[in-house]
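**Q** need a structure here:
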Amino acid sequence: MVILELLEFKCPSCSGAIGFDSRLQKVKCPYCDAEFEMESLKAYDEALKNDQPDEMEWETQAGSQWDESEASKIYSYICKSCGGEIVADENTAATSCPFCNNPVVMVGKLSGILRPDYVIPFKLDKKAAKEGLMKHLQGKKLLPKIFKDENRIEEIKGIYVPFWLFDADADANFRYRATKVRTWSDNNYIYTQTRYFSVLRSGSLAFERVPVDGSTKMPDDLMESIEPYDFSDAVDFQTAYLAGYLADKYDVKADESIARANARIRRSIEQLFASTVTGYATVTLESSNIRLQNGKAKYALYPVWLLNTVWNNKRYTFAMNGQTGKFVGDLPLDKAAYWKWLVGLTAAFGAFTYLALFLLRLL
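**A** Numbering: from 1, shown residues only. Okay, the predicted model is just below:
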């Protein structure tokens, strides 16, 4: 059996199916009457033939098995409130959950998870985390007073967050439909000329250590917001780095993180290629094809300072990059201060409007 692949040519102007007009010896669109020289469609023909589905597969043998002597000294803690699971060495005082701040209890030796390949040690201590939070709060006039209370800052905890790091080489092909528009006029008419272009882009890129948060308890947007980490500080994992800190246990496996890694890679490639298509009035992506080779993943722990606090029965989580000091987190709104500010702004705007109208009358 022979399987035939059908190619359909679409009009770059209106996307309707186009065909060869024997009378004109050109390709013509029956819907918008656009005409195309055969020579100009050669590249378009080749691009259609090269259209292929994405190939974004990975080898995800990340992490390794724990050495028996290491595993005997590492314990697992379960929070009975939120179900969060963390790991720490035998000397760590796990007094409260870093996710919800409720007490946690030790339930047994470490089991069922992989040993990390790398760890980026904490470079900033709790004092730096406190200073980072206070700087984050500075100038926030609509912030409730409780968030400016020193006593709340003591709830900051250092935790190693699990990340899957994806490496891959990518080949990509993109095809865009673009237009250039020229307008002129005479005494009788206004003319508009629209030219259509098929813009092709292809290239190869290398991605190293694309991070994907391996914990469902850590909001992905929060973790991505405190990136990037400088991997030059990473070292081979040793349990001694856990001393004095907590470590979140991954609950999203490497295989389950592939979709998010692919999405981050795709977004980066699309932005890079689109930035090269310039000088046109409009640009529309028609097709894309991304192929990954040598895809592999590693398992690492990244340092994060966490703060959880509650305001009006709503929990707020703040995070600081334990290596660079980058601080992020949503802040609550003091509604009383907000309305006071809004009334003042409205009054000021009203006074400005009245003054402007008064001056116009004088003119």
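**Q** can you give me the helices in this structure?
**A** 42-50, 68-71, 126-137, 220-225, 258-274, 335-362 (DSSP state H).
**Q** Least confident of those, on average?
**A** Lowest mean pLDDT of the helices of the chain: helix 335-362, a mean of 50.
**Q** Next, count neighbours for Ala271.
**A** Quick fix: residue 271 reads Gln, not Ala. Number of residues near Gln271 (other Cβ atoms under 10 Å) recorded here: 9. Where C-beta positions appear, they are placed from N, C-alpha and C, glycine not excepted.
**Q** same question, the one 4 residues further on
**A** Ser275 is flanked by 8 other residues according to other Cβ under 10 Å.
**Q** likewise Glu256?
**A** 15.
**Q** If I look at it, what pLDDT would I see?
**A** 92.
**Q** ok, now Ser232?
**A** pLDDT, read off for Ser232, is 94.
**Q** List the residues that contact the nearest residue to Arg182 once chain neighbours are set aside.
**A** Among residues not flanking Arg182 along the chain, Gln193 sits closest, at 4.6 Å (Cβ to Cβ, 6 or more residues apart in numbering). For Gln193, the contacting residues are Val181, Arg182, Thr183, by Cβ atoms under 8 Å, 6 or more residues apart in numbering.
**Q** I'd like the residues you listed as TSV, with neighbour count, pLDDT and distance to Ser198 appended.
**A** Shown next, in TSV, are those (neighbours: other Cβ atoms under 10 Å; pLDDT from 0 to 100; distance: Cβ to Cβ, whole Å):
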residue	neighbour count	pLDDT	distance to Ser198
Val181	11	94	17
Arg182	10	93	19
Thr183	9	94	23
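**Q** Looking at those, which is nearest His136?
**A** Val181 (46.6 Å; Cβ to Cβ).
**Q** I'd guessed that closest one sits against Phe197; true?
**A** No: between Val181 and Phe197 there is no contact under Cβ atoms under 8 Å: 11.7 Å.
**Q** Could you give the number of residues near the residue nearest to Glu286 when sequence neighbours are not counted?
**A** Leaving out its chain neighbours, the residue that sits closest to Glu286 by Cβ to Cβ, 6+ apart is Arg175, at 4.7 Å. Arg175 is flanked by 21 other residues according to other Cβ under 10 Å.
**Q** I'd assumed Ser287 was in contact with Arg175.
**A** Yes: with contact defined as Cβ under 8 Å, Arg175 reaches Ser287; the gap is 4.8 Å.
**Q** Tell me if I'm right that Asp117 and Gln238 touch.
**A** No: using Cβ under 8 Å, Asp117 makes no contact with Gln238, being 11.7 Å away.
**Q** between those two, which one's more packed in?
**A** Remark: of Asp117 and Gln238, Asp117 carries more neighbours, 17 against 12, as counted by other Cβ under 10 Å.
**Q** what about the nearest residue in space to that one that is not next to it in sequence, how many neighbours?
**A** Nearest non-adjacent residue to Asp117, counting by Cβ to Cβ, 6+ apart: Lys298, 4.6 Å away. Other residues lying near Lys298 total 19 when counted by other Cβ under 10 Å.
**Q** List the beta-bridge partners for Lys298.
**A** With DSSP bridges applied, Lys298 shows beta-bridge pairing to Leu165.
**Q** which residues does it contact?
**A** Lys298 neighbours (Cβ under 8 Å, 6+ apart): Ala62, Gly63, Asp117, Tyr118, Trp164, Leu165, Asp167, Arg209.
**Q** So which of those residues wins on neighbours?
**A** Trp164 (28 neighbours).
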